[in-house]
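# build me a structure from this.
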Amino acid sequence: MITGAGETPLAFGPGAMAVVTLYLLSMVGIGWLARKRRQSDNLDDFYLAGRSMGFGVLFLTLYATQYSGNTLFGYTGTAYRIGFQWTVSILFMFSIIVGYLLFAPRLVVLSRKLSFITPGDYISNRFRSPVLTLLSTIVMIYALANYTLAQLKAMGAAVEGLTDGAVSSAHGIVALAIIMVVYETLGGMRSVAWTDVIQGVVLLTGFGVLLFIVPPLGGGLSAAVEQIGRIDPTKVGAPSLEVCNTWISYILLLGCGAAIYPQAIQRLYAGRSVRVLKRSLMVMAFMPLTTTLIALVCGVVGIVALPDLGGASTDQVLPRLCALIMSGSTAGYWLVVVVFAAALAALMSTADSALLSMSSMFTRDIYHAHLRPHSSEAELTRVGKISSWIVVAILVVIAVGTDKSLIRLLELKFEVLIQIVPCFFLGLYWKRLPAGAVLMGMIAGLVTALGLTWTGHARVAGFHAGVVGLAVNFALCCLGAASSGRSDSIAERPPSSGAGWSALSAQVGE
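Residues are numbered from 1 along each chain as shown. So this is what the prediction gives:
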């Protein structure tokens, strides 16, 4: 049972439960409609919605994917634990947009000309190294599996809180996972994007509601800050040098890592044009102020309203605050219903996107590339749907048994995902960067990041192990490229290998 301040139960009545249930079932209906709208039974249509996303759909699907259960549960929990030091979350969410702009426009032009479906398609086309493509794919699938695992955990926590423990976390995970995989396999990217539109609107509404209903629980934000200053001055004080290093590390970890999320890259591919992409990113630049900032406020208010929480229970700050609001008035009750609908929207929109990307990468970059190179598009689409069900089953079993906090799960996936960054940030612009140098750098970066993490050195002088690994990675890429003295770009390969890299690069630069 989840309670507010240790005594106020968070329980939804039949009316609220009916609203939430109808909302969830509507996702399946949208999946069915998306299936009816499919143009053909091929990978381009299933995984990229025929590359037809306009500004509104692309913006909302990027927004709903980027702001997840970690924002609502993990970020509020972290703000509760460390206070205003978590202001860095606003900065690193801004930095993600900068990361997109460093490579996305150029990549989108190439993807449309060369028919990329997955991030692995770009890596394969650019570097012509099966080993590099396979390693990159495995790393991205691992990172997405970790990410989906965090969302499933948060789903379970939300359902348990919503039903006052009547439905356990494990049963909630299973039920929501089934709904998610049903509508995803029905309509692919089209159904995921359409549900993201609804979920994005609900998510924006939910954050707006939180901004008005949470601060009064601490007597107002200014009063809460004053009280925190008396209780624990470190949570409102100036950060130390090591904390400043951690801020820089988070900006690099998230700004680079989140920008190359496989599911985000596939949304870039699915956009109607580069112009649509740039407009979407322009609006996305303002979203940290409407989401991450509000999550920070909720966590800070929770320090005053919900003292003495510890460990993984800090990820329950938001449900416990909502319990207090629900007990105050009928209006508060229904506002909390909106907030929890937003929570479920955030969780499912992020998880379904990650699941779709894992399915596409396994199908395209492993099954087709290494197991069945002559398989048809229809067969690949069918294998992709089956793999989604298998992956969900495995992750549900793991989610029910893991007890790591959500924010640590978030960090772990970025420690490895960030090692793919040179493939995009350097590969798209540095024509003389060879595959061997990138592969050597990636392996060294992974060994460094995982070695530091496994030996208990998750941070070095405040910097995350993954960021240290990325520094090693970049250094070896540069050294390898300088020592090789030769080009490994598509422009210098035979025409049949995908000629046009130089011409396309020039087109992007115009």
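# contact partners for G219?
G219 sits next to Q227, V304 when contact means Cβ atoms under 8 Å, 6 or more residues apart in numbering. For glycine as for every other residue, the C-beta is placed from the backbone atoms N, C-alpha and C.
# try it again with 7 Å
Contact criterion Cβ atoms under 7 Å, 6 or more residues apart in numbering gives no residues in contact with G219.
# check G445 too.
Counting by Cβ under 7 Å, 6+ apart, G445 has contacts Q419, G469, L470, V472, N473.
# tell me the most packed of those, by neighbour count.
Neighbour counts for the contacts of G445, by other Cβ atoms under 10 Å, peak at Q419, which reaches 30 neighbours.
# from G332, how far out is the spatially most central residue of the chain?
Among the residues of the chain, the smallest C-alpha distance to the mean C-alpha position (Cα atoms, centre = their mean) belongs to Q66, namely 5.0 Å. Applying Cβ to Cβ, to the nearest Å, one obtains 29 Å for the distance of Q66 from G332.
# how about low-confidence regions in the stretch 101-250 of the chain?
Low-confidence segments of the stretch 101-250 of the chain, defined by pLDDT under 70, are located at 161-164.
# now the helices for it?
Shown for the stretch 101-250 of the chain, the helices assigned by DSSP state H, counting those that start in this stretch span residues 119-127, 130-162, 169-213, 221-231, 241-257.
# show me what the helix or strand just after the last one is packed against.
Proceeding C-terminally, helix 241-257 gives way to helix 262-270 as the next helix or strand, assigned by DSSP states H and E. Contact here means 3 or more Cβ pairs under 7 Å, 6 or more residues apart in numbering; DSSP states H and E; on that basis helix 262-270 packs against helix 43-48, helix 55-66, helix 88-114, helix 330-361.
# who's in contact with helix 262-270?
47-49, 51, 53, 58, 61-62, 65, 104, 107-108, 111, 116, 118-119, 140, 144, 189, 277, 353-354, 356-357, 360-361.
# that one vs helix 169-213, what angle?
Using axes from the mean of the first three to the mean of the last three Cα atoms, to 10 degrees, the inter-axis angle of helix 262-270 relative to helix 169-213 is 70 degrees.
# between helix 262-270 and helix 119-127, how big is the angle?
Using the same axes, to 10 degrees: helix 262-270 against helix 119-127 is 70 degrees.
# so which elements touch the following helix or strand past helix 262-270?
Proceeding N to C from helix 262-270, the next assigned helix or strand is helix 274-284, under DSSP H and E. Taking 3+ Cβ pairs under 7 Å, 6+ apart as contact, the helices and strands that helix 274-284 lies on are helix 55-66, helix 88-114.
# so how far is helix 274-284 from its chain's centroid?
Distance, stretch centre to chain centre, for helix 274-284: 18 Å (Cα atoms, centre = their mean, to the nearest Å).
# that older thread, turn the helices of the stretch 101-250 of the chain into CSV, columns for mean neighbour count and distance to A465.
Formatted as CSV, the helices of the stretch 101-250 of the chain follow (neighbours: other Cβ atoms under 10 Å; distance: least, Cβ to Cβ, whole Å):
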stretch, mean neighbour count, distance to A465
helix 119-127, 24, 23
helix 130-162, 23, 14
helix 169-213, 22, 29
helix 221-231, 15, 30
helix 241-257, 20, 10
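# need these in CSV (columns: distance to L33).
Shown next, in CSV, are these (distance: least, Cβ to Cβ, whole Å):
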stretch, distance to L33
helix 119-127, 28
helix 130-162, 24
helix 169-213, 7
helix 221-231, 43
helix 241-257, 34
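# hang on, the earlier thing: and the contacts of helix 262-270, which are buried?
Buried members of the contacts of helix 262-270, counted by 16 or more other Cβ atoms under 10 Å: 47-49, 51, 53, 58, 61-62, 65, 104, 107-108, 111, 116, 118-119, 140, 144, 189, 277, 353-354, 356-357, 360-361.
# so where's the stretch 401-510 of the chain uncertain?
In the stretch 401-510 of the chain, residues with pLDDT under 70: 402-411, 485-510.
# mind jotting down where the strands sit in it?
Across the stretch 401-510 of the chain, reading from the start of the chain, the strands by DSSP state E, counting those that start in this stretch fall at 459-460, 463-464.
# just so I know, which of the ones you listed lies nearest V438?
Relative to V438, the nearest member of those by Cβ to Cβ is strand 463-464, separated by 21.4 Å.
# so what strands line up beside that closest one?
The partner list of strand 463-464 in its sheet, established with DSSP bridges, is strand 459-460 (antiparallel).
# show residues contacting the partner strand.
Residues outside strand 459-460 that contact it (Cβ under 7 Å, 6+ apart): T246, L452, A465, V468.
# can you tell me which of the residues you listed has the most neighbours?
Scoring the contacts of strand 459-460 on neighbours with other Cβ under 10 Å, the highest-scoring entry is A465 at 25 neighbours.
# now it, nearest residue through space, not along the chain?
Closest residue in space to A465, ignoring its immediate chain neighbours: L452 at 3.7 Å, by Cβ to Cβ, 6 or more residues apart in numbering.
# swap in A285?
In space, not counting the residues next to it along the chain, A285 is nearest to I97; the distance is 4.7 Å by Cβ to Cβ, 6+ apart.
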